[in-house]
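> pasting the sequence and the predicted model now:
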Amino acid sequence: MGYVTRLRETVGNRPLVVVEGAAVVVDRQQRILLVRRDQHTWGLPAGSKELNESVMETAVRELYEETNLVGNRPELLAVVSGQGMQCQYANGDQVDAVTVVFRMGRVHAHVFADSHPLEHQFFRLKRLPGTLTPLTQEVLRLVDLSIQAR
């Protein structure tokens, strides 16, 4: 059970200011890696930080858990917070998130038999899916990937 889950047992669904964790940008040739969050929404690989874990470790772990890609050489891109970063999850939990965003240098696939990644794919920056998570929208607004692409 994660730290935020245990905290929720005490505070219920009320809004929490949380260092939500980390998000990862993997971009290749004007394409960006996104994962399907639900039937209608796509977003960056991202997730909550655990106790005693650095946000850099969170980024590497979440990328792997959601895509089976192992990343290294994370570079800090942005810290996203403030207006537009409040959300309510399907279970009613409310957060005002602070998310640290990293660009992952190199990635490679590493699949274990018991892993179950989310659906994921690379999208051209000029042809992104219609509905993006608020975090993904804010990252794309803040960070001009076309200039920084390698």
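Noted; the coordinates are in hand.
> what's the span of stretch 119-128, first residue to last?
15 Å (C-alpha to C-alpha, to the nearest Å).
> determine the set of other helices and strands touching the lengthiest helix in the chain.
The residue-count maximum for a helix in the chain (DSSP state H) belongs to helix 55-67. In terms of contacts (3 or more C-beta pairs under 8 Å, 6 or more residues apart in numbering; DSSP states H and E), helix 55-67 is packed against strand 16-25, strand 31-36, strand 46-47, strand 69-80, strand 94-109. C-beta: built from backbone N, CA, C; applies to glycine.
> let's go with 6 Å and repeat that
Secondary-structure packing of helix 55-67 (3 or more C-beta pairs under 6 Å, 6 or more residues apart in numbering; DSSP states H and E): strand 16-25, strand 69-80.
> tabulate those (TSV), appending mean pLDDT and distance to Glu53.
Formatted as TSV, these follow (pLDDT from 0 to 100; distance: least, C-beta to C-beta, whole Å):
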stretch	mean pLDDT	distance to Glu53
strand 16-25	83	9
strand 69-80	90	13
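> mind listing what the residue sitting nearest the centre point of the chain touches?
In the chain, the residue lying closest to the centroid (C-alpha atoms, centre = their mean) is Ala46, at 1.9 Å. Residues near Ala46 by C-beta atoms under 6 Å, 6 or more residues apart in numbering: Ala23, Glu62.
> try 8 Å this time
Contacts for Ala46 (C-beta atoms under 8 Å, 6 or more residues apart in numbering) come out as Glu20, Gly21, Ala22, Ala23, Val24, Glu62, Thr99, Leu135.
> and Gln86, by the same measure?
Pro15, Gln94, Val95, Asp96, Ala97.
> need the pLDDT of it.
Note on Gln86: pLDDT of 84.
> bridging residues for it?
Beta-bridge partners for Gln86, by DSSP bridges, are Asp96.
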